[in-house]
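Need coordinates for the following:
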Amino acid sequence: MKEDYRIYGDVMVFDMTYRTNKYNLVCAPFIGINNHWNNVMFGCAFLANEKVESFQWLFEVFKKSMRGKCPITLFTDQDQAIATAITKVFPQTRHRLCLWHLQQNVVSRFSQLKSENSFKATFKKCLSGCANENEFESCWKSMTTKYNLEYHSWFCRLYGLREKWCTALRKDFFFAGILSSQRSESINHAIAFNAKKNTSLTEFYGIFKATIKHWRSKEQNNEFQCSKPIPESVLPMTGMLKHASEVYTLTLFREFESEFLKSISTCSTIVLVEDSVMVYDVSSHYANACTHRVVFDCLRNMITCSC
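Coordinates of the predicted model:
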């Protein structure tokens, strides 16, 4: 687990959603993502309470066991005690709120909106579907006005934390795909799927070991699949696509291939050429697609994009 954390510990999920019913202890696994986009376990703890002091102690112990290495990005549930402990132990770490947890909290707190598909779609767009800050603000205002949520304490508090969860506001950090609800959900159910209400701690340890064994077996199988010759593709394996197949695992190559296929439908229009800098707009033929501004500085070999 220490070796996994050394390699994949830039992004970590601290999941507090599973509570053992027999002892009323909180199970708190530290989970990450490997280069096959599968779960890896960095550690696991049991807590008797959810106070700031307990989380601070736990994070200090975890950091010490991992030779002082701190994650770049840490995903958690919406809990003030955890947030306070993170600022004390991991002051340089980017704290983010897990989107899947936020979606579940909305359903549990506002059951009357559970059947409102338009609300769920709009809330999901606010979380991760807006291209920029203006679009997010417009979407959020429209949603809260339509459903009379402008002055609701939970939504007001969530809005105050928007830089911790809204993808339109912070695009300058690595998150390993965890912002997708599917990835968050798979992590959330990583441990608890085999445990029962009367599971003892010794029985849980057996479940924990079996879970880790299953994950590592899956990783070995993925490594074996990557040892095979260059993967097949619907496109000619030349240039950038060929290079991607050589440096990426099979899972990540398929993701890259999908993005590569989408890029074929884009159209680039030069807006400005000044000295070593080229500015152009990139648009797509997909419905509701945004036009993004790309700046290329050939002297500095740097590219920036509004996306």
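
Please report the distance of the nearest residue to K242 once chain neighbours are set aside from F224.
In this structure, K242 finds its nearest non-sequential neighbour in I230, 7.3 Å apart by CB to CB, 6 or more residues apart in numbering. Glycine gets a C-beta too; all of them are placed from N, C-alpha and C. Separation of I230 from F224 (CB to CB, to the nearest Å): 16 Å.

how long is stretch 143-161 end to end?
One end of stretch 143-161 to the other measures 17 Å (CA to CA, to the nearest Å).

what's the answer for stretch 245-256, then?
9 Å.

what is the mean pLDDT for that stretch?
On average, the pLDDT along stretch 245-256 is 92.

Please shift the residue numbers so they start at 54 in all later answers.
In the new count, where the first residue is 54, that last one comes out as stretch 298-309.

ok, and what's touching it?
Contact partners of stretch 298-309, identified using CB atoms under 8 Å, 6 or more residues apart in numbering, comprise N88, H89, W90, N91, N275, Q278, C279, I283, P284, S286, M290, A297.

tell me the domain ranges of this protein?
Domain assignment for the chain by automatic domain parsing gives 55-257, 320-358.

worst average pLDDT in these?
Sorting those by mean pLDDT places domain 55-257 lowest, at a mean of 86.

What ranges does the protein have for its strands?
Remark: strands assigned in the chain by DSSP state E are 64-67, 71-73, 78-86, 92-100, 126-129, 147-150, 319-327, 330-337, 345-350, 355-358.

Need those strands in JSON lines (columns: mean neighbour count and distance to N187).
Formatted as JSON lines, these follow (neighbours: other CB atoms under 10 Å; distance: least, CB to CB, whole Å):
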{"stretch": "strand 64-67", "mean neighbour count": "25", "distance to N187": "28"}
{"stretch": "strand 71-73", "mean neighbour count": "17", "distance to N187": "39"}
{"stretch": "strand 78-86", "mean neighbour count": "21", "distance to N187": "31"}
{"stretch": "strand 92-100", "mean neighbour count": "19", "distance to N187": "36"}
{"stretch": "strand 126-129", "mean neighbour count": "22", "distance to N187": "25"}
{"stretch": "strand 147-150", "mean neighbour count": "20", "distance to N187": "22"}
{"stretch": "strand 319-327", "mean neighbour count": "10", "distance to N187": "20"}
{"stretch": "strand 330-337", "mean neighbour count": "15", "distance to N187": "17"}
{"stretch": "strand 345-350", "mean neighbour count": "15", "distance to N187": "14"}
{"stretch": "strand 355-358", "mean neighbour count": "11", "distance to N187": "17"}
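
Looking at those strands, which is nearest to M196?
Nearest of the strands of the chain to M196, taken as CB to CB: strand 147-150 at 17.6 Å.

Can you list the strands that that closest one pairs with?
When sheet partners are counted by DSSP bridges, strand 147-150 sits next to strand 126-129 (parallel).

before we move on, the earlier item: closest to R223 out of the strands of the chain?
Nearest to R223 among the strands of the chain is strand 147-150 (7.9 Å), distances taken as CB to CB.

Quick one: distance of the closest one to the chain centre.
Between the centre of strand 147-150 and the centre of its chain there are 10 Å (CA atoms, centre = their mean, to the nearest Å).

Over to stretch 105-114?
Remark: stretch 105-114 is offset 23 Å from the chain centroid, using CA atoms, centre = their mean.

do the same with stretch 84-103
The answer for stretch 84-103 is 13 Å, by CA atoms, centre = their mean.

now the nearest residue to A101 once chain neighbours are set aside, which residues is it bridged with?
Among residues not flanking A101 along the chain, L78 sits closest, at 6.1 Å (CB to CB, 6+ apart). Taking DSSP bridges as the rule, L78 bridges to T73.

how near is L78 to S311?
According to CB to CB, L78 stands 42 Å off from S311.

same question, E169
E169 sits 31 Å away from S311, going by CB to CB.
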